[in-house]
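here is a sequence together with a model predicted from it:
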Amino acid sequence: MEKLVKKLITADKKTESGILGKWNATVFYVERKKCWLITNGLTKYNVILTNIKSSELTNIDQVFKDTLYSQLIYDGIITEFKNLDSIIGGLDFLPTDNDRSTTGFQNHSLRSLDWWKEEFGNLENMPVKDLTNRLNTSPIHIGQGQKISDYTNSIEQMNKLLNK
């Protein structure tokens with residue numbers, strides 16, 4: 001991922017994350033087309049950007065915000081775009097921080113996506129918002145204990161975070 005956005009990476013690690021915290025991105029391919037799986041570190045909420053080209057990197061802030069907003073709506077999380085835009089602000093690309101928890105979560109999500117790629121074939125036939133919704137409704141564990149109340153899904157967690 002870092003090779004693709006090398007020009008956008010800043011060395012300043014003191015960048016503030018805001019209420020949504022940091023997001024991790026990884027690249028996967030569907031029919032040799034670059035797609036990004038972007039996962040929120042706090043909520044494990046996923047967004048998939050499809051067919052990202054180098055020429056689109058100058059607008060990647062807007063592409064991400066538009067895709068996130070449409071995924072939130074699809075997942076039933078209602079918020080105004082202005083509100084989301086003000087919460088996110090500008091995107092800062094930082095070198096990897098080796099967040100093993102989020103990386104492991106993304107690897108699991110990529111295995112699910114590989115399964116679905118086989119089912120739908122090409123990128124045009126893939127219902128990306130639906131597949132992302134499937135990832136976001138998968139049970140996740142938040143917390144330290146093993147109580148049933150420590151299990152939730154990414155949509156519930158993102159909804160809580162946005163509606164504090």
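Looks like it came in fine.

surely Val27 forms part of a strand?
Yes. If the criterion is DSSP: H, G, I helix; E, B strand; the rest coil, then Val27 is within a strand.

confidence score at it?
We note a pLDDT of 89 for Val27 in this prediction.

how close does it sit to Thr103?
13 Å (C-beta to C-beta, to the nearest Å). (Each C-beta comes from the backbone N, C-alpha and C, glycine too.)

cool, and Trp116?
The span separating Trp116 from Thr103 equals 20 Å under the rule C-beta to C-beta.

residue ranges with poor pLDDT in this protein?
For the chain, the stretches with pLDDT under 70 are 1-17, 93-96.

find the centremost residue of it, please.
Central residue of the chain (C-alpha atoms, centre = their mean): Ile38, 2.7 Å from the mean position.

this structure: strands as residue ranges?
23-30, 33-40, 46-49, 139-141, 151-153 (DSSP state E).

now these as JSON lines including distance to Asp85?
Below are the strands of the chain laid out as JSON lines (distance: least, C-beta to C-beta, whole Å):
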{"stretch": "strand 23-30", "distance to Asp85": "15"}
{"stretch": "strand 33-40", "distance to Asp85": "16"}
{"stretch": "strand 46-49", "distance to Asp85": "15"}
{"stretch": "strand 139-141", "distance to Asp85": "27"}
{"stretch": "strand 151-153", "distance to Asp85": "25"}
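
highest mean neighbour count out of those?
strand 46-49 (a mean of 22; mean count of other C-beta atoms under 10 Å).

since that was my last question, I'll sign off now.
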